[in-house]
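> Sequence first, then the predicted structure:
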Amino acid sequence: MKKIYLLLMAMLMATAINAQTTGYNRLKNVSTGHYANLASSGSFAPNADKESANGLAGTIAYMAFADNQVTQLRMQGLDVINVAIPMMKALVLTTIDEEQFISMRTTMVEMIKKQMSGAMGSMVARMMEDYTYEEFLEWFDKIDTNLYFEKVEKGDGYRLFMVTPDFPLNGGTFNDYLIEKANQFMKAYTGTLQEKADEYLVGDLEGLRPMAYVFISHMRFGNRMYLTEQTGEYALNFGFANKEDVAKAKSIWDFELVDNDTNYFGLTPQVVDAEGNYYTSFVADFPITLAEGMKAYYVTDEMEPAESQVKWQAIESESIPGLTPVIIQLKGSSASDNKVQLPENEPDALYLDGNQLLPVANDLGFLLGRTLEEPDPNIYVLDVKEGKVCLASNMEQTMKSNTVYLYLDETRKGENTSSYLFLVDKVTGITEVAAQTKGSNVFYDLQGRRVSHPSKGIYIVNGKKVAY
């Protein structure tokens, strides 16, 4: 009866884990409270605190789980498990040649000689010198590219790890050698090797401790590489470690589902116009549902750059699918004012006829920030000029992740194109701030007839459409 109860509890726990974590999550380091943030091609780092994470799309990952395995982890359009890790493995196998391998091996031998003294250090160094390029390729090709997780024994959180094969070495394996030597070192002890491992590790056998340390790590964890936050650095890394060092290296993580409460996602304004309206440009690999009081726009292909304007069109739907570049009018000045929901299912695609907005992305199409060699005046980004929202010629080298831009090459710009382009309504060609009073202006209706006493509506004044 007790066994059946324990089995049912285990099944319930597994179901609870999947139910609580599958969906849009943030990956939080339990020890430091930092959230992993994928913001640029060279920066996947736990560098976001709770407040900033709520406004960063780079902290959000779609995660799915099966048993003790993470089956999907997608961030910024990058499928980490099914695409990125296998791609990196293939890259190593196809780009590291024998000369590079020999250089790496030489570095490893020198490190072994420094860390392991005496005859043991010399022996291991000689073994590593005999390690061939072919053996390295054989080992690397067998690396398991899956990502696994396990619940910590005490407290909250999980460890994330990958599993590597043992090193082929001199016709056997490195682990075979370690087992043989460790048994020789410990034959004076009574009891099993596992029971005496910690006792031996703190012993005084100079030159043998590093060997025993590596062996014990392999014996306990089956060549696991744990995801850790590096001490003193905002960086993530997979590395070998025993459980004590895993804890010290900040390798316990929690999966936090994104909700509309404390773990929300909100949009942060980029600009504010003279009337106090907040705007941001936005794109993500996940869908969002706008709250009441927000409005999304796209830029159409009806442009008049010589007249310093481009036309935008309001999007009627509140649901914005993933990978849709838009400009959004917001409600307030902070992410907490502009909470959006992340629907479980991708909404229907929007037909945005001729949308000219482009997502900031790297060469592989992932939604990561870019650093240009020099500012590109053909790139127009969200800005405010003369108190009005516009797209202004980019004067910065850095383009932030999850933002959008308009690109106008020389053939589209024309000779008289301004360095900034006001956003005007597609239907009327009127900016929201182009209101006029009667004064001494002469008003004409849209049929060209003069109007002596204009009422509220749209008129032509001095050759331009205005709202009165």
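Thanks, I have it.
> Can I get the helix or strand harbouring M225 in CSV? Just the C-alpha atoms.
Assigned by DSSP states H and E, M225 belongs to strand 224-229. The C-alpha atoms that make up strand 224-229 are tabulated as CSV, following Å, rounded to 0.1, in the frame of the first residue of the first chain:
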residue,chain,number,x,y,z
ARG,A,224,26.8,16.0,-16.2
MET,A,225,27.4,19.6,-17.2
TYR,A,226,25.3,21.9,-15.0
LEU,A,227,24.0,25.3,-16.0
THR,A,228,25.5,27.8,-13.5
GLU,A,229,25.7,31.6,-13.0
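> Tell me who's in contact with the closest residue to Q341 other than its chain neighbours.
Closest residue in space to Q341, ignoring its immediate chain neighbours: T289 at 4.3 Å, by CB to CB, 6 or more residues apart in numbering. Yep, even glycine has a C-beta here, placed from its N, CA and C like the rest. Neighbour list for T289: 318-320, 340-343, 347 [criterion: CB atoms under 8 Å, 6 or more residues apart in numbering].
> which parts of stretch 303-318 are buried?
Buried residues in stretch 303-318, counted by 16 or more other CB atoms under 10 Å: 303, 305, 307-313, 315, 318.
> For stretch 133-145, buried residues please.
135-137, 139, 143.
> Pick out the most distant pair among those residues.
Spanning the widest gap among those are E135 and I143, at 13.8 Å by CB to CB.
> Which parts of stretch 325-343 count as buried, going by neighbours?
Counting neighbours by 16+ other CB under 10 Å, stretch 325-343 gives 325-331, 334-335, 337-342 as buried.
> Send me it as CSV with only the CA atoms.
C-alpha atoms of stretch 325-343 as CSV (Å, rounded to 0.1, in the frame of the first residue of the first chain):
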residue,chain,number,x,y,z
PRO,A,325,6.7,44.6,-35.9
VAL,A,326,4.5,47.4,-34.7
ILE,A,327,4.4,50.8,-33.0
ILE,A,328,2.2,50.9,-29.9
GLN,A,329,0.6,53.8,-28.2
LEU,A,330,0.7,53.1,-24.5
LYS,A,331,-1.1,54.1,-21.3
GLY,A,332,1.6,55.2,-19.0
SER,A,333,5.3,55.8,-18.3
SER,A,334,6.4,52.4,-16.9
ALA,A,335,6.0,48.7,-17.7
SER,A,336,3.6,48.4,-14.7
ASP,A,337,1.3,50.9,-16.5
ASN,A,338,1.4,48.9,-19.7
LYS,A,339,0.8,45.3,-18.8
VAL,A,340,-0.1,43.0,-21.7
GLN,A,341,-1.3,39.4,-21.6
LEU,A,342,0.5,36.5,-23.3
PRO,A,343,-2.2,34.2,-24.8
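> Rounded mean pLDDT for it, please.
Stretch 325-343 shows a mean pLDDT of 94.
> For the protein, name the helix or strand with the lowest mean pLDDT.
Counting by mean pLDDT, DSSP states H and E, the weakest-scoring helix or strand in the chain turns out to be helix 2-21, with a mean of 37.
> Name the residues that touch the helix or strand following that helix?
Downstream of helix 2-21, the next assigned helix or strand under DSSP H and E is strand 23-29. Strand 23-29 has contacts (CB under 8 Å, 6+ apart) with 34-36, 46, 53, 59-63, 229, 250, 252-258, 263, 286, 342, 344.
> Buried ones among these?
Buried subset of these (neighbour count, 16+ other CB under 10 Å): 34-36, 46, 53, 59-63, 229, 250, 252-256, 258, 263, 286, 342.
> for V70, what are its contacts?
So V70 contacts 63-64, 81, 146-149, 160 (CB under 8 Å, 6+ apart).
> and if we set it to 6 Å?
Under the criterion of CB atoms under 6 Å, 6 or more residues apart in numbering, the neighbours of V70 are 147, 149.
> again, but for the one 4 residues further on
The neighbourhood of R74, defined by CB under 6 Å, 6+ apart, consists of Y62.
> Make sure it is indeed in a helix.
No. R74 sits outside any helix when classified using DSSP: H, G, I helix; E, B strand; the rest coil, being strand.
> so what pLDDT did the residue nearest to Q341 get?
Looking at T289, its pLDDT stands at 94.
> quick one: it and N260, what's the gap?
Distance of T289 to N260, given as CB to CB, to the nearest Å: 10 Å.
> list residues touching both of these two?
Joint contacts of T289 and N260 (CB under 6 Å, 6+ apart) are Q341.
> So L147 is in contact with V80, correct?
No. Contact between L147 and V80 fails when scored by CB atoms under 6 Å: they sit 7.8 Å apart.
> Can you pull the residues that touch both of these two?
The overlap between the contact sets of L147 and V80 (CB under 6 Å, 6+ apart) is empty.
> Looking at G463 now. What's its pLDDT?
50.
> hang on, the earlier thing: reformat the buried residues of stretch 133-145 as TSV; add pLDDT.
Formatted as TSV, those follow (pLDDT from 0 to 100):
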residue	pLDDT
E135	79
F136	82
L137	85
W139	77
I143	79
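> possible to save those as a markdown table with secondary structure and distance to G365?
A markdown table is the format used below for the buried residues of stretch 133-145 (DSSP: H, G, I helix; E, B strand; the rest coil; distance: CB to CB, whole Å):
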| residue | secondary structure | distance to G365 |
| --- | --- | --- |
| E135 | helix | 36 |
| F136 | helix | 32 |
| L137 | helix | 30 |
| W139 | helix | 32 |
| I143 | coil | 26 |
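> re earlier: distance of the residue nearest to Q341 relative to E316?
T289 is 14 Å from E316, by CB to CB.
> Over to L372?
As for L372, its distance to E316 is 35 Å (criterion: CB to CB).
> could you give me the average pLDDT of the host helix or strand of F149?
Assigned by DSSP H and E, F149 belongs to strand 147-151. Averaged over strand 147-151, pLDDT sits at 88.
> how far off strand 224-229 does that strand point, in degrees?
Between the axes of strand 147-151 and strand 224-229, defined by axes from the mean of the first three to the mean of the last three CA atoms, to 10 degrees, the angle is 80 degrees.
> Pull up the pairing partners for strand 147-151, direction included.
In the sheet, strand 147-151 lines up against strand 69-75 (antiparallel), strand 158-163 (antiparallel) (DSSP bridges).
> Checking my notes, R126 in a helix, right?
Yes. Counting by three-state DSSP, one finds R126 located in a helix.
> tally of neighbours for it?
Residues near R126, counting by other CB atoms under 10 Å, number 11.
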